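> here is a sequence together with a model predicted from it:
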Amino acid sequence: MDRHSSADEGDNEVTGPIRRITDTPSRPVRRRPPPAGQAARPRRPAARPESPEQPPKPPETGHGHGHGHGHGPAAPASRRVRLLLIWLLAPLAAATVLGMIVLYPWGKAAPTSVVPQGTPVHGTITTTITGPCLGQGEVQVGAPKPDAKPCLTVELKLTDGQASGQQLKLTVPIEPSTPRFSAGDTIVLSYNGGKADDPSAYQIVDFQRGLPLALLAGLFAVAVIVLGRWQGVAALVALGLSFLVLALFVLPAILAGESPLLVAIVGAGVIMFIALYLTHGLSARTSVAVLGTLVSLALIGVLSAVFSAAASLTGLDDNTSNLIGSLGHGIDARGLLLAGVVIGALGVLDDVTVTQTSSVWELRRANPALGWRELYGAGLRIGRDHVGSAVNTLVMAYAGAALPVLLYSSLSGIGLGAILGSEDIAQEIVRTLAGSVGIVAAVPVTTVLAALIASREPVEELTSTTSIQ
């Protein structure tokens, strides 16, 4: 007993301080054995000295039990922040749905092309022969002229349509822009509605590409699901719904004569809500990404509208001119250009805003002691690295799409300034730079929103990214 008491008085340098803390309230109890059962309860707080090992446990920091981080009152603030997010996003979501209802061409007949396009028919090439350009039943007499252009005589078998199984022989002029057909190719023909067995009623249009595209899509889906698992499945569903929004709302509304820019803004809003919430869950983190994307899209729309007007861009490139010719009436070509800018930038913006919010949330989860300023600074440093690659991605994507135009302009020999100022090139410049400014702005905007909200989240709430508590 004396030996234990001497240890209690601090002879043991390692355990002495712990024994002084734990034994001091229990000494009077030891002298009175009858209430020994009651003495066991006051000794339970003796585990408190182990608290230096407990602060890293995230679930305990939100209850305010003396760690000094000040996260105890965070839960009510988090509820207020979430209510604020709902108040901010609910009107925007309602406006998006209302915009779809107002802009959709209810009861209007689907527009058709005034230029005859023909009915697509599939076939398979059996043989090809290069020779003089001869009509049906014509025969070459004498040597061909030196400057005569050769033609490709194609024998094919129709695989569908009214004359399925019929053998046809078509002559195709060989031009630099003519595809090179060979035996075994599966092709698409245009049938003009004449006699089904008349070769003159058909024209070779293109190759069939359904099978390789389907295989590539399947490979893409498998890769996404293997890596992303259920979140990958959700991402694929969101991608499919995005295509449905484009096909069933954006395209019909624009073709019906609605403002292309307004339709693109509403369509981009619908795609954004569907893709982000379905893929990343209904959470405060996702809501911050949605807000950052909306602000950046608005900035991109304003910048592209201002500078396309200042640069006198008409939007009348070759594709738009062909569209107007097929419609038979005018369309807001500049609005169509701006719509393409908004929709084209949406995918990159989603990537930037989601990455920034996730970075800030993970920083806060890893170190709950960080305030919003520290979270903002750390998140911004991550964003600087991300924004460089994102902008480069956007620039290269637009440059790749405009590569034939760039090559054609370079052949003209009119100088770099005139090339950059031409309609086709200037459109791509405005498209690229306006989108890039929006991407750059998305980093600080999304990061500051994420830092302000994540710093007020209880730490145990940060582990949940799929539901709003």
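That came in fine, so what should we check first? The model shown is predicted, which means the values in this text are computed figures rather than measured ones.

> how far does stretch 336-344 sit from its chain's centre?
Once both centres are worked out by Cα atoms, centre = their mean, to the nearest Å, stretch 336-344 turns out to sit 15 Å from its chain's centre.

> one more: stretch 364-373?
Computed by Cα atoms, centre = their mean, the separation of stretch 364-373 from the middle of its chain amounts to 28 Å.

> which neighbouring elements make contact with the helix or strand hosting S359?
Under the criterion of DSSP states H and E, S359 resides in helix 333-366. Using 3 or more Cβ pairs under 8 Å, 6 or more residues apart in numbering; DSSP states H and E as the contact criterion, the neighbours of helix 333-366 among helices and strands are helix 260-280, helix 284-310, helix 318-327, helix 372-401, helix 423-454, helix 459-462. (Each C-beta comes from the backbone N, C-alpha and C, glycine too.)

> my read: A163 touches D198, true?
No: here A163 lies out of contact with D198, judged by Cβ atoms under 8 Å, at a distance of 9.1 Å.

> ok, the spatially most central residue of the chain - contacts?
By Cα atoms, centre = their mean, the mean C-alpha position of the chain lies nearest to G347, the distance being 3.0 Å. Shown here is G347, which makes no contacts under the criterion Cβ atoms under 8 Å, 6 or more residues apart in numbering.

> how much space between it and G107?
Using Cβ to Cβ, to the nearest Å, we find G347 at a distance of 33 Å from G107.

> and for N322?
Remark: distance between N322 and G107 (Cβ to Cβ) = 28 Å.

> try R381
54 Å.

> again, but for L363
If you go by Cβ to Cβ, the gap between L363 and G107 works out to 52 Å.

> run the chain-centre distance for stretch 294-304.
Its chain's C-alpha centre lies 16 Å from the corresponding centre of stretch 294-304 when counted by Cα atoms, centre = their mean.

> pLDDT of it, averaged?
Model confidence over stretch 294-304, given as mean pLDDT, is 90.

> and what of stretch 227-245?
The predicted model gives stretch 227-245 an average pLDDT of 92.

> send the alpha carbons of it over as CSV?
Output of stretch 227-245 as CSV, limited to C-alpha atoms (Å, rounded to 0.1, in the frame of the first residue of the first chain):
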residue,chain,number,x,y,z
LEU,A,227,-14.0,2.8,-62.7
GLY,A,228,-17.0,4.7,-61.4
ARG,A,229,-19.2,1.7,-60.4
TRP,A,230,-22.6,3.0,-59.3
GLN,A,231,-21.5,6.6,-59.8
GLY,A,232,-20.4,5.6,-63.2
VAL,A,233,-23.8,4.2,-63.9
ALA,A,234,-25.4,7.4,-62.7
ALA,A,235,-23.1,9.4,-65.0
LEU,A,236,-24.1,7.3,-68.0
VAL,A,237,-27.8,7.8,-67.2
ALA,A,238,-27.2,11.6,-66.9
LEU,A,239,-25.4,11.6,-70.2
GLY,A,240,-28.3,9.8,-71.9
LEU,A,241,-30.8,12.3,-70.4
SER,A,242,-28.6,15.2,-71.6
PHE,A,243,-28.8,13.9,-75.1
LEU,A,244,-32.6,13.6,-74.7
VAL,A,245,-32.7,17.3,-73.7
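
> what residues sit buried inside it?
By 16 or more other Cβ atoms under 10 Å, the buried positions in stretch 227-245 come out as 231-232, 234-236, 238-239, 242, 245.

> among those, name the ones in helices.
Among the buried residues of stretch 227-245, DSSP state H puts 231-232, 234-236, 238-239, 242, 245 in helices.

> quick check, nearest of those residues to L291?
The shortest distance between L291 and any of those, using Cβ to Cβ, involves A238 and amounts to 18.5 Å.

> quick check: the nearest residue to V405 once chain neighbours are set aside vs L403, distance?
Using Cβ to Cβ, 6 or more residues apart in numbering and skipping the chain neighbours, the partner closest in space to V405 is D424 (4.6 Å). Distance of D424 to L403, computed by Cβ to Cβ: 12 Å.

> quick check: which element contains the spatially closest residue to Q117 that is not a sequence neighbour?
The spatially closest residue to Q117, leaving aside those adjacent along the chain, is S190, at 7.1 Å (Cβ to Cβ, 6+ apart). Taking DSSP H and E as the criterion, the element that holds S190 is strand 186-191.

> isn't the residue nearest to V405 up against D317?
Yes: D424 is in contact with D317 according to Cβ under 8 Å; the separation is 5.5 Å.

> more crowded one of these two?
Taking neighbours as other Cβ atoms under 10 Å, D424 and D317 compare with D317 leading, 19 against 16.

> how about the more buried one, what does it touch?
Contacts for D317 were tallied using Cβ under 8 Å, 6+ apart; they are 423-424, 427.

> the same query, at a cut-off of 6 Å, please.
Residues touching D317, when contacts are defined by Cβ atoms under 6 Å, 6 or more residues apart in numbering, comprise D424.

> where's it relative to I300, distance?
In this view, D317 and I300 are 20 Å apart by Cβ to Cβ.

> can you list the strands that the top strand by length along the chain pairs with?
Among the elements of the chain assigned as strand by DSSP state E, the one spanning the most residues is strand 119-131. Take DSSP bridges as the rule and strand 119-131 pairs in its sheet with strand 151-158 (antiparallel), strand 186-191 (antiparallel).

> give me the contacts around the shortest one.
For strand 186-191, contacts defined as Cβ under 6 Å, 6+ apart pick out 118-121, 123-124, 202-208.

> next secondary structure element downstream of that strand?
As the chain continues past strand 186-191, the following element, by DSSP H and E, is strand 202-207.

> and that following strand, how far out from the chain middle?
Centroid separation between strand 202-207 and its chain, computed with Cα atoms, centre = their mean, is 35 Å.

> same thing with stretch 270-287?
With Cα atoms, centre = their mean as the basis, the mean position of stretch 270-287 lies at 11 Å from the chain mean.

> same question for stretch 296-313.
Average the C-alpha atoms of stretch 296-313, do the same for its chain, and the two points are 21 Å apart (Cα atoms, centre = their mean).
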